[in-house]
Structure formats: structure tokens, C-alpha cells
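**Q** Here is my input, please return the structure:
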Amino acid sequence: MSGHSKWSSIKHKKAAIDQKRGKVFTKAIKEITVAAREGGGDPNRNARLRTAILSSKGINMPTSNIERAIKKGLGEIPGVNYEPITYEGYGASGIAIIVDVLTDNKNRTHPELRKIFEKNHGHLGAAGCVAWMFQKKGEIRVKKEDISEDDLMNSVLEAGGEDLDTSDEEAYLVYTQVSDFYKVKSFLEDKKVPIMDAQLTMVPKDYVRISEVQAGPVLRLMEELEDHDDVQNVYSNFDIMDEAS
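**A** I've put the predicted structure just below:
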């Protein structure tokens, strides 16, 4: 199992815990609100909103919460005005990190994130310093116990998917071009493929391989960034080597 998948597994298990705490709902509501504000309230004409709604349904958010968040974004009911910002930087062992933020006070968020980076042997960088190391892709997770690899691969190829990653312990990861994301997802749904969740994500072009010992400060940094109230998504390019590697 690759190290990236180890982090992916940790991240999704953590998301399940956050969901119980309601934290994941808060992040989803903020994303829907900003998406509606920037592109309008019709998900058929607003790809970002469509993705946000899709993600929200994946965590079983009530429809009433989704509708209220859209109304906040459209200014139909009062709400906080969030600003989207992307920060880039480096963690221990030279790993690259991208942090997507929605904040109502960037003068508060920036120094808080800088402190988290520095405390965990990293540092914030200038805009664009690591973005070139990543590609935006569609990612669809399918539980392994629900379908065979061969059956899923056939469906992915037929749907026009780009890649099938089998390295995660629990789930297959189907990757698509951004332009094909909804087409592939709809095709798999029509084929009754049981989708766990689906999202647009940033995938590294290459990975920085680190040992399990080096992974300690890296994972602490990632988890602290994920825990920050203003942080929506954290992406990185590290890959933890197995002890036998």
C-alpha cells in the first residue's frame, strides 16, 4: 500500500469523526455559500456549486441545510461573507502543501496558518511556489468489498475515466479529467456502482518519498491544518515508504 493511500485512509477516517462532531457540515456549508455567491444558485450552471452539493449529499447533509446555505450565498438571508484564499508552502522533508481556505478574516487566518507550519518544521511560501507540482482531477471513491477490480475497471474505461488506483486498503480511487468528472460519475451511478464519495481534488505529478520516522512531523502538520476552522482542503505530495522498502 502506498504512503499516499495511508494518508488518504487517515484523512477519510478523520472525516468520519469530524462528521459526528458536525465539523464537516460547517465546511460544506461554507463551500456551498461561497459557490452560490460567486456563480449563482443554479447547480446546472455552476460547476463549483454542483460539486459542493454533491459532496454535501455524500456526508448526508439535510437538503434544508443545503438550501439555506445557497440562500446565504445569494444574499436572500443574512450570513457571513467568506473569502476564498489558497496558501502554498512546504512541510518537513521538503514536501509541498496546498491549503484551500474560506475565511471571514484573512488577517487572522494567515498568521495562524503560518504558526502551524512553523511549529511543525515547515513554512509558508509565495503564491505559485508549489501549485505547478499538482494537477486538478476528479476523484471517485468506490468501496472495494462492493465490486471487483475487473468489473470496476471495465466500467471506468467505458465511462472515459483516466485511471484506477487500487493502493488504498478500503477503496478504489477512480481519477478523471475535470471536464469528464460528472460524466464518469453519472455513468458509474447508472451502472449501479456503489460510490462512497466524489470530489474534485489536486493530485501530485510526482511524490516525495519519506520514511515512517520522517512521517511524524508531516502527519502532525497535515492534521493541524485540517483541524483549522478556516481550512477547507489540504493537499500534499508525500509518500510514506513501507518499513521494508
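
**Q** domains for the protein, by residue range?
**A** Residue ranges for the domains of the chain, per automatic domain parsing: 3-74, 83-131+206-240, 133-204.

**Q** how far does the longest one stretch from start to finish?
**A** Start to finish, the residues bounding domain 83-131+206-240 are 34 Å apart (CA to CA, to the nearest Å).

**Q** Stretch 201-210 too?
**A** OK, stretch 201-210 end separation, CA to CA: 22 Å.

**Q** Span of stretch 99-115 from start to end?
**A** Stretch 99-115 end-to-end distance (CA to CA) = 14 Å.

**Q** what's the answer for stretch 123-131, then?
**A** 15 Å.

**Q** List of residues touching it?
**A** 86-90, 96-98, 113-114, 117, 237 (CB atoms under 8 Å, 6 or more residues apart in numbering). Using the backbone N, CA and C atoms, a C-beta is placed for each residue, glycine as well.

**Q** Need the max-distance pair from these.
**A** The two members of the contacts of stretch 123-131 with the most space between them (CB to CB) are 114 and 237, at 20.4 Å.

**Q** show me where pLDDT drops low in the chain?
**A** 1-22, 243-245 (pLDDT under 70).

**Q** Where do the helices of it begin and end?
**A** 3-21, 23-39, 47-58, 63-74, 106-119, 149-159, 181-190, 215-227 (DSSP state H).

**Q** quick one, what contacts the nearest residue to residue 32 once chain neighbours are set aside?
**A** Sequence neighbours aside, residue 69 is the residue nearest to residue 32 in space, at 3.9 Å (criterion: CB to CB, 6 or more residues apart in numbering). By CB under 8 Å, 6+ apart, the residues touching residue 69 are 28-29, 32-33, 36.

**Q** ok, back up a step: give me the buried entries from the contacts of stretch 123-131.
**A** Buried by 16 or more other CB atoms under 10 Å: 87-90, 96-98, 113, 117, 237, out of these.

**Q** Could you dump these into a markdown table and include distance to residue 209?
**A** Shown next, in a markdown table, are those (distance: CB to CB, whole Å):
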| residue | distance to residue 209 |
| --- | --- |
| 87 | 24 |
| 88 | 21 |
| 89 | 20 |
| 90 | 16 |
| 96 | 13 |
| 97 | 16 |
| 98 | 19 |
| 113 | 26 |
| 117 | 21 |
| 237 | 10 |
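
**Q** for these, which one is nearest residue 150?
**A** Using CB to CB, these come closest to residue 150 at residue 237, 30.0 Å.

**Q** For residue 158, see how far away residue 68 is.
**A** 38 Å (CB to CB, to the nearest Å).

**Q** What of residue 241?
**A** 35 Å.

**Q** can you check residue 107 too?
**A** 50 Å.

**Q** Can you pick out the residue with more neighbours from these two?
**A** residue 158 (12 against 7; other CB atoms under 10 Å).

**Q** Pull the contacting residues for the more buried one.
**A** Counted by CB under 8 Å, 6+ apart, residue 158 has contacts residue 187.
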